[in-house]
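Novice: Got a predicted structure here, sequence first:
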Amino acid sequence: MGVENMALLFTPRTIDVEALGPYNPAIFNGEKFPGGFGATQVLWKDYWDLRARSVQMFEKNLYARGIIRRMLTNVINTGLDLEASPEEVILGKEEGSMDDWSEEVENRWRVWARSPGQCDAHRLRGFGRVQCQAWMEAMIGGDVLVALVHDRTTGLPRIKLIDGQSVQTPVILPRPGHRIEEGVELDAMGRQVAYWVVNSNGEHNRLPAWGEKSGRRLAWLVYGTEKRDHETRGTPILALVLQSINEIDRYRDSVQRKATINAMLAMFIQKDEERMGTRPIGGAAVRRSSMQTISQDDSVRTLNASSHVPGFVFDELNVGEKPIGFGNNGTDEKFGEFEESIVQGMAWHLEVPPEIMRLAFSSNYSASQAAINEFKMTLNRIRTDFGEQFCKPVYQEWLVAQALSGRIKDTGDLLAARRDPAMYDIFGAWLSSEWAGHIKPSTDLVKQAKGYEILIDMGAITRDLMSKEITGTKYSKNVKKLKKENAQLAEAREELAAPEREAQHQQAIDLVKAKPAEPKKEGGLKNVAT
């Protein structure tokens with residue numbers, strides 16, 4: 001190849017734009033063809049209407065009530081339990097040296113959590129029921145305001161829940177550099193510093209998020225579902241399905257009314273010529289009655305009617321009137337399929353398997369286990385989020401109060417770390433905790449246990465994690481309880497076996513005494529006759 005040919009080979013080639021046809025620059029905006037997406041909407045959330053409609057659906061709509069109850073039962077149930085797990089490495093402790101401390105903290109926490117007079121501001125509920133109420137209010141209203149009232153007698157916090165509907169923007173100017181969005185006061189960096197609550201008199205009270213002098217947590221919002229970062233308030237979990245559940249409930253009512261009307265209106269009697277009525281059905285009526293109707297021209301017409309068991313029959317119709325009867329089918333055959341498709345869509349939105357949402361289990365083991373495993377991932381995410389939002393701040397203030405009062409010993413530099421922002425790692429290591437909920441039982445526990453046994457033998461999982469995933473318990477506590485129970489069981493068996501052994505021993509003695517004595521052999525050699 002010559003030099004000229006090489007030059008031609010590497011020379012950029014250009015094509016005239018006009019040769020390609022008219023130039024039409026396109027902008028990608030998500031549409032596959034013009035107008036395919038539809039009108040673009042810039043959304044603004046009306047939190048007031050969303051909350052009001054969500055509350056209305058919860059009170060009147062069976063699907064809405066079922067959704068809230070399903071989520072509440074599966075996520076919170078009787079309440080998330082504390083598992084104190086301080087980071088021993090960060091605190092400079094030996095591994096396992098804080099097990100007794102963790103157990104003492106958990107025991108003290110359990111006593112406080114089960115005392116309605118200590119943990120609830122209204123002295124009515126334990127911590128488990130407070131969790132249920134907080135999560136339910138957050139799901140229905142989008143968020144709930146949690147306030148801590150510190151008891152001067154015990155020094156421990158009490159929990160007060162405030163409906164998110166009561167957090168409203170006042171008609172006043174905020175502090176310099178602050179702004180108020182939907183009743184939440186934000187500082188220049190966008191942090192929530194206070195909440196404006198409307199009382200029964202219509203007045204606004206400012207509730208600070210942190211104590212100005214003590215620096216302790218006083219109030220915060222708990223959200224029922226995820227929200228975007230710039231949003232201050234939460235959206236009800238039913239917001240996206242409000243219209244769907246409202247319409248499907250109306251459809252159910254209409255189907256039920258149709259069945260009722262078809263059962264009540266048995267037939268009409270049609271007359272083809274003008275003659276006296278023979279009352280073919282009314283003669284055998286159980287009860288006669290009349291019904292007056294008013295037409296558009298204000299004329300009043302009386303219809304004779306007969307009440308039968310189980311139907312209702314009109315005896316007389318005017319000549320020339322032809323009634324249009326109802327169908328003889330009492331229900332809509334397609335309603336079940338339609339309802340199932342709507343519920344399927346709602347289950348997809350809520351990340352709840354349709355079987356669990358409808359409480360209808362008809363799949364095989366593999367399908368059921370797959371649904372449970374998928375739902376467990378959702379439950380773990382929601383429980384972790386709720387534990388971080390609600391439980392952990394309460395636990396933090398409770399632990400600090402216990403350390404200040406001296407009820408919990410060996411807290412070391414916990415209080416010093418709380419006051420010094422530079423010791424955030426030490427403070428966080430003391431507060432490290434997990435919040436475990438109720439575990440959904442396996443459809444085949446034997447298969448699951450064998451699988452975990454293989455993983456333990458391979459070293460792919462720990463017994464502690466296995467205990468959490470299968471039973472929701474702590475392995476170290478299980479071992480301690482089993483040790484105590486085994487000792488008690490051995491002692492009980494020993495006491496139960498003692499009378500039996502004594503009876504066997506006595507029986508052996510009696511047998512020996514009852515056995516006849518064998519004749520004694522004479523000594524010396526016998527004479528043998530030859």
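Specialist: Yes, it's here.
Novice: Which pLDDT value belongs to W44?
Specialist: Note for W44: predicted pLDDT of 89.
Novice: burial of it, as a residue count?
Specialist: W44 has 5 neighbours, counted by other Cβ atoms under 10 Å. Heads up, the C-betas are built off the backbone N, CA and C, glycines and all.
Novice: Buried residues in stretch 93-110, which are they?
Specialist: 93, 98, 101-102, 104-106, 108-109 (16 or more other Cβ atoms under 10 Å).
Novice: Run through the strands of this protein in chain order.
Specialist: 81-84, 143-150, 157-163, 179-181, 184-186, 192-198, 204-208, 219-223, 265-268, 287-294, 300-307, 312-314, 433-436 (DSSP state E).
Novice: What pairs with the fifth one, parallel or antiparallel?
Specialist: The reference is to strand 184-186. strand 179-181 (antiparallel), strand 192-198 (antiparallel) (DSSP bridges).
Novice: now swap in the first one and tell me
Specialist: Partners of strand 81-84 in the sheet, by DSSP bridges, are strand 433-436 (antiparallel).
Novice: mind saving the C-alpha coords of the strand it pairs with as PDB?
Specialist: C-alpha atoms of strand 433-436 as PDB (Å, rounded to 0.1, in the frame of the first residue of the first chain):
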ATOM      1  CA  SER A 433     -28.100  -2.200  70.500                       C
ATOM      2  CA  GLU A 434     -30.400  -4.300  68.300                       C
ATOM      3  CA  TRP A 435     -34.100  -4.600  68.300                       C
ATOM      4  CA  ALA A 436     -35.500  -8.000  67.600                       C
END
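Novice: what's it in contact with?
Specialist: Contacts to strand 433-436, defined as Cβ atoms under 8 Å, 6 or more residues apart in numbering, come from residues 80-85, 383-384, 386-387, 391-392, 395, 468, 472.
Novice: ok, now which ones touch the nearest residue to N77 once chain neighbours are set aside?
Specialist: Counting by Cβ to Cβ, 6 or more residues apart in numbering, N77 lies nearest to H438, which is 4.3 Å off, once chain neighbours are set aside. For H438, the contact set (Cβ under 8 Å, 6+ apart) comprises 77-78, 472.
Novice: quick one: H438 from G472, how far?
Specialist: 6 Å (Cβ to Cβ, to the nearest Å).
Novice: Show me which positions of stretch 424-442 end up buried.
Specialist: 426-427, 429-439, 442.
Novice: coming back round to it: so can I have JSON lines of the contacts of H438 showing pLDDT, distance to F58 and neighbour count?
Specialist: Output for the contacts of H438, formatted as JSON lines (pLDDT from 0 to 100; distance: Cβ to Cβ, whole Å; neighbours: other Cβ atoms under 10 Å):
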{"residue": "N77", "pLDDT": "90", "distance to F58": "19", "neighbour count": "14"}
{"residue": "T78", "pLDDT": "90", "distance to F58": "21", "neighbour count": "13"}
{"residue": "G472", "pLDDT": "70", "distance to F58": "29", "neighbour count": "13"}
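Novice: if we can go back for a sec, closest to A39 among the buried residues of stretch 424-442?
Specialist: If you rank the buried residues of stretch 424-442 by distance to A39 using Cβ to Cβ, G437 comes first, at 43.2 Å.
Novice: The closest one touches N77, doesn't it?
Specialist: Yes. Contact criterion Cβ atoms under 8 Å: G437 and N77 qualify, at 6.3 Å.
Novice: Let me know the pLDDT of K447.
Specialist: Value listed for K447 in the pLDDT field: 77.
Novice: for K515, same thing?
Specialist: 65.
Novice: Spatially central residue in this structure, please.
Specialist: M71 (2.7 Å; Cα atoms, centre = their mean).
Novice: check contacts around that residue.
Specialist: 135, 139, 237, 350, 352.
Novice: Distance check, it against E355.
Specialist: As for M71, its distance to E355 is 15 Å (criterion: Cβ to Cβ).
Novice: hmm, back to that, Throw the strands paired with strand 184-186 into a markdown table and include mean neighbour count, thanks.
Specialist: Listed next are the strands paired with strand 184-186 as a markdown table, based on neighbours: other Cβ atoms under 10 Å:
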| stretch | mean neighbour count |
| --- | --- |
| strand 179-181 | 16 |
| strand 192-198 | 19 |
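Novice: Looking at the ones you listed, which is nearest to P499?
Specialist: Short answer: strand 192-198, nearest of these by Cβ to Cβ, at 69.8 Å.
Novice: Just the CA trace of that closest one, in CSV.
Specialist: Extracted C-alpha coordinates of strand 192-198, given in CSV (Å, rounded to 0.1, in the frame of the first residue of the first chain):
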residue,chain,number,x,y,z
GLN,A,192,-35.4,19.9,63.1
VAL,A,193,-35.1,22.0,66.2
ALA,A,194,-38.7,22.4,67.4
TYR,A,195,-42.3,21.4,66.8
TRP,A,196,-45.4,23.7,67.0
VAL,A,197,-48.3,21.8,68.5
VAL,A,198,-51.9,23.1,68.5
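Novice: how much does that strand deviate in direction from strand 219-223?
Specialist: 90 degrees (axes from the mean of the first three to the mean of the last three Cα atoms, to 10 degrees).
Novice: looking at it, G79 is touching A134, isn't it?
Specialist: No. Between G79 and A134 there is no contact under Cβ under 8 Å: 10.5 Å.
Novice: rewinding a little: adding distance to R51, write the contacts of H438 out as CSV.
Specialist: Below are these laid out as CSV (distance: Cβ to Cβ, whole Å):
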residue, distance to R51
N77, 25
T78, 27
G472, 33
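Novice: Where helices are concerned, which of these count?
Specialist: Assignment to helices by DSSP state H places none of the contacts of H438 there.
Novice: Going by distance to R257, which of those wins?
Specialist: The nearest member of these to R257, counting by Cβ to Cβ, is N77 at 37.1 Å.
Novice: quick one on the thing from earlier: tell me which of the strands paired with strand 184-186 approaches G117 most closely.
Specialist: Here strand 192-198 is closest among the strands paired with strand 184-186 (Cβ to Cβ), at 24.5 Å.
Novice: Let me see the residues that make contact with that closest one.
Specialist: Contacts for strand 192-198 (Cβ under 8 Å, 6+ apart): 145, 162, 166-170, 178, 180, 183-187, 204-210, 219-221, 232.
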